[in-house]
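[1] Next input, structure requested:
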Amino acid sequence: MKKNDPRKIPVIVLTGFLGSGKTTLLNRLLEEHPKTAVIINEFGATPVDQDLLQPTGMPLTTLAGGCLCCQIKGTLAPTLKNLWMAWDQAQTKPFERMIIEASGIASPEPILDTLLRERWLASRYHLQNVITTLAIPSATAQLDSFAEARAQVAWADTLLLTHADLSNADQQAVLAKRLRVLAPATPILMTGDVRAASSLLTNAGPTLRRLPDDGSLPAHNFRSISLHLEQILPWQQLQAILQELLTRHPQHLLRIKGVVYLAEQTEPMVIQAASNRLYPPAPLPPRAADDHRGRLVFIVNGEPTALATDLNKAFAPLLSGNAIKLH
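    Purely as a prediction, here's the structure:
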């Protein structure tokens with residue numbers, strides 16, 4: 001099949017380091033282009049991101065328990081094959097494009113390798129755009145510290161800068177200088193540019209692509225801890241616990257995300273923290289078949305034992321017997 005063959009499904013790969021705003025961008029893109037299938041890759045064993053997306057009625061697949069650059073790479077190809085066969089057999093095509101949202105700690109290289117090197121997939125999917133989000137206040141430090149963040153920039157067709165409202169002019173200038181070195185020819189957009197953001201799913205990608213390298217990144221040392229909350233908490237209590245954890249583990253606790261139930265609210269609430277910043281909770285629509293159990297995922301760089309010990313102390317009265325899981 002040719003690149004513009006209508007039987008080839010356009011694929012957009014969405015990458016960006018932890019807390020850079022991928023899911024927020026994904027919700028915005030789905031609002032403007034609802035006929036989009038989504039594959040979400042979550043590093044933690046307890047999936048959360050699918051609950052943060054506004055429902056569109058399109059296929060939504062979650063690949064959890066590892067990142068597509070290592071533990072669960074082999075699950076992507078069969079997932080793509082199944083989705084294409086269902087799409088091909090449908091008289092009315094159920095979606096027009098696909099977005100793969102990679103884990104924040106994943107290099108996009110193995111995803112691109114799967115799409116470009118596997119002949120069956122390459123003849124049925126067209127890699128249209130690789131979008132990498134960068135949170136301005138924390139991106140420079142992440143690029144300095146993590147090879148995965150640098151790979152996300154290196155493989156991007158488009159760089160999208162986020163959290164400008166939380167940044168200052170010095171941070172913006174330092175990041176711009178760094179990106180001119182890492183990706184001098186890659187277009188850079190800001191999330192506030194409405195016209196630019198709305199075109200991310202329709203712009204044609206490069207005609208010629210460099211294939212991923214045969215080598216791989218050094219083995220990373222990321223771990224995740226998942227827990228389920230059996231009780232409803234007041235936000236003030238949960239906020240104090242999470243802020244204390246961020247203070248005690250500033251270098252190792254990279255990300256907190258989850259859906260919880262608070263005493264002050266009737267709807268489920270999204271909890272997020274990144275780069276030692278805890279964000280205010282945001283409401284979600286009530287979910288069908290909801291068990292009203294809170295779920296939190298903590299992503300750690302390095303040995304997770306100390307954090308797990310602190311989690312046990314802080315949450316012990318609120319957890320079920322096997323609530324904490326290390327991955």
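
[2] ok, now which ones touch residue 294?
    For residue 294, the residues meeting the contact criterion (CB atoms under 8 Å, 6 or more residues apart in numbering) are 228-229, 232-233, 258-261. Where you see a C-beta, it was placed from the backbone N, CA and C, and this is true even at glycine.

[3] repeat that for 6 Å
    By CB atoms under 6 Å, 6 or more residues apart in numbering, the contact set of residue 294 is 229, 260-261.

[4] burial measure for residue 221, as a count.
    Burial of residue 221, expressed as a neighbour count using other CB atoms under 10 Å, amounts to 11.

[5] Leaving aside the residues adjacent along the chain, what's closest to it?
    With CB to CB, 6 or more residues apart in numbering as the measure, residue 302 is the residue that lies nearest to residue 221, at 5.5 Å, once sequence neighbours are left out.

[6] now the one you found: how far from residue 48?
    Here the distance between residue 302 and residue 48 works out to 22 Å (CB to CB, to the nearest Å).

[7] For the two, work out which one has more neighbours and name it.
    residue 48 (22 against 15).

[8] wait, what's in contact with that one?
    Per CB under 6 Å, 6+ apart, neighbours of residue 48: 257-258, 297.

[9] Take these and keep only those in strands.
    Of the contacts of residue 48, the ones assigned to strands by DSSP state E are 257-258, 297.

[10] quick one: which of those residues is most hemmed in?
    Among the ones in strands among the contacts of residue 48, residue 258 has the most neighbours (other CB under 10 Å), with 27 neighbours.

[11] My read is that that residue contacts residue 271, right?
    Yes. Under the criterion of CB atoms under 6 Å, residue 258 lies in contact with residue 271, with a separation of 4.8 Å.

[12] Return the distance of the nearest residue to residue 258 once chain neighbours are set aside relative to residue 249.
    Residue nearest to residue 258 in three dimensions, not counting chain neighbours: residue 296, with 3.6 Å by CB to CB, 6+ apart. Distance, residue 296 to residue 249, by CB to CB: 14 Å.

[13] More neighbours: these two, which one.
    Taking other CB under 10 Å, residue 296 and residue 249 do not tie; residue 296 has more neighbours (25 against 19).

[14] okay, the more buried one: pLDDT?
    Among the per-residue scores, residue 296 shows a pLDDT of 91.

[15] mind listing the strands for the stretch 51-200 of the chain?
    Listed from the start of the chain, the stretch 51-200 of the chain has strands (DSSP state E, counting those that start in this stretch) covering 60-63, 97-101, 125-135, 158-162, 188-190.

[16] Let me have the ones you listed in JSON lines, extended by mean neighbour count.
    Formatted as JSON lines, the strands of the stretch 51-200 of the chain follow (neighbours: other CB atoms under 10 Å):
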{"stretch": "strand 60-63", "mean neighbour count": "18"}
{"stretch": "strand 97-101", "mean neighbour count": "24"}
{"stretch": "strand 125-135", "mean neighbour count": "25"}
{"stretch": "strand 158-162", "mean neighbour count": "23"}
{"stretch": "strand 188-190", "mean neighbour count": "15"}
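
[17] With distance to residue 77 added, can I get those in JSON lines?
    Supplementary listing: the strands of the stretch 51-200 of the chain in JSON lines, determined by distance: least, CB to CB, whole Å:
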{"stretch": "strand 60-63", "distance to residue 77": "11"}
{"stretch": "strand 97-101", "distance to residue 77": "12"}
{"stretch": "strand 125-135", "distance to residue 77": "11"}
{"stretch": "strand 158-162", "distance to residue 77": "25"}
{"stretch": "strand 188-190", "distance to residue 77": "31"}
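
[18] Among these, which comes closest to residue 307?
    strand 125-135 (22.1 Å; CB to CB).

[19] ok, and what's touching that closest one?
    Counting by CB under 6 Å, 6+ apart, the neighbours of strand 125-135 from elsewhere in the structure are 3, 8-16, 19-22, 115, 152-153, 155-163, 200, 205.
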